[in-house]
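In: got a sequence here, can you build the structure:
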Amino acid sequence: MVGAWWEKSLRRAKWRYLPHSHNDFIFAMVGEELGFVGGFAVLALFATLAYTGLRVATRNTDPWVKIVAGTMTMWLVGQAAINIGYVVGLLPVTGIPLPLISSGGTSLVVTMFVFGILANAARHEPEAVAALRRHGQGRLARLLGLRLPEPYPTHRRAPTPGPVR
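Out: The predicted structure is shown next:
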């Protein structure tokens, strides 16, 4: 009898007072359903995303790719930080969805687009190009007919001309 009451009281937030629990407050639902382990797993996965995206940004040689990869990584991680911040009560509610977890088609499409750009930047790292040339591509890349990537060139700024006389 006590177990049924406890179970019902634990799931109260999802059904009673939490608005948009499937979208804006999905981190609260992860915490309610999976507890500390689930919440910590979500935080650990976003920390891994931050580390990997910034590693891709620092290992590329092209300055434009560095800026794009770093910006997109911080965009996704910042969006997650804002969402988690307002779910736990540290920030005002803004309605920003949690990337990859909240329901919503447009957010997922944009997030997948960002992941595609980050994967392309990672594939063109000089170390990745050297490893692919040394060991060959995998089955999926051969099946898709992908060519071996070339490292992006290092661009140097042209010297500015002097004053016109």
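
In: ok, and the closest non-adjacent residue to Pro97?
Out: Spatially, and ignoring its direct neighbours in sequence, Pro97 is nearest to Ser107 (4.8 Å; CB to CB, 6 or more residues apart in numbering). All C-beta atoms are positioned from the backbone trio N, CA, C, and that covers glycine.

In: which strand or helix spans Val56?
Out: helix 26-59 (DSSP states H and E).

In: can you check the pLDDT for Pro19?
Out: Note on Pro19: pLDDT of 64.

In: any idea how far Leu45 is from Phe36?
Out: Taking CB to CB, to the nearest Å as the measure, Phe36 falls 15 Å from Leu45.

In: okay, these two: which has more neighbours?
Out: Leu45 (13 against 8; other CB atoms under 10 Å).

In: for the more buried one, give its distance to Asp62.
Out: In terms of CB to CB, Leu45 sits 28 Å off from Asp62.

In: torsion angles phi and psi at Pro97?
Out: phi -80, psi 160 (degrees, to the nearest 10).

In: that one and Asn83 touch, don't they?
Out: Yes. Between Pro97 and Asn83 there is a contact under CB atoms under 8 Å: 6.6 Å.

In: low-confidence ranges in the chain?
Out: 1-23, 155-159, 162, 164-165 (pLDDT under 70).

In: which residues touch the closest residue to Ile117 other than its chain neighbours?
Out: Leaving aside its chain neighbours, Ile117 sits nearest to Met72 (6.2 Å; criterion: CB to CB, 6+ apart). With contact taken as CB atoms under 8 Å, 6 or more residues apart in numbering, Met72 is in contact with Gly53, Val114, Ile117, Leu118.

In: among these, the buried ones, what's the ChimeraX command?
Out: Selection of buried members from the contacts of Met72 for ChimeraX, criterion 16 or more other CB atoms under 10 Å:
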select :53,114,118
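
In: of the contacts of Met72, which pair is most distant in space?
Out: Farthest apart among these by CB to CB are Gly53 and Ile117. That separation is 10.3 Å.

In: in this protein, which residue is most central in space?
Out: The structure's the chain has its C-alpha centroid closest to Leu76; by CA atoms, centre = their mean the separation is 4.6 Å.

In: what's the offset of the helix or strand containing that one from the middle of its chain?
Out: According to DSSP H and E, Leu76 maps onto helix 63-87. With CA atoms, centre = their mean, to the nearest Å as the basis, helix 63-87 stands 7 Å off its chain's centre.

In: between it and helix 26-59, how many degrees?
Out: Using axes from the mean of the first three to the mean of the last three CA atoms, to 10 degrees, the inter-axis angle of helix 63-87 relative to helix 26-59 is 160 degrees.
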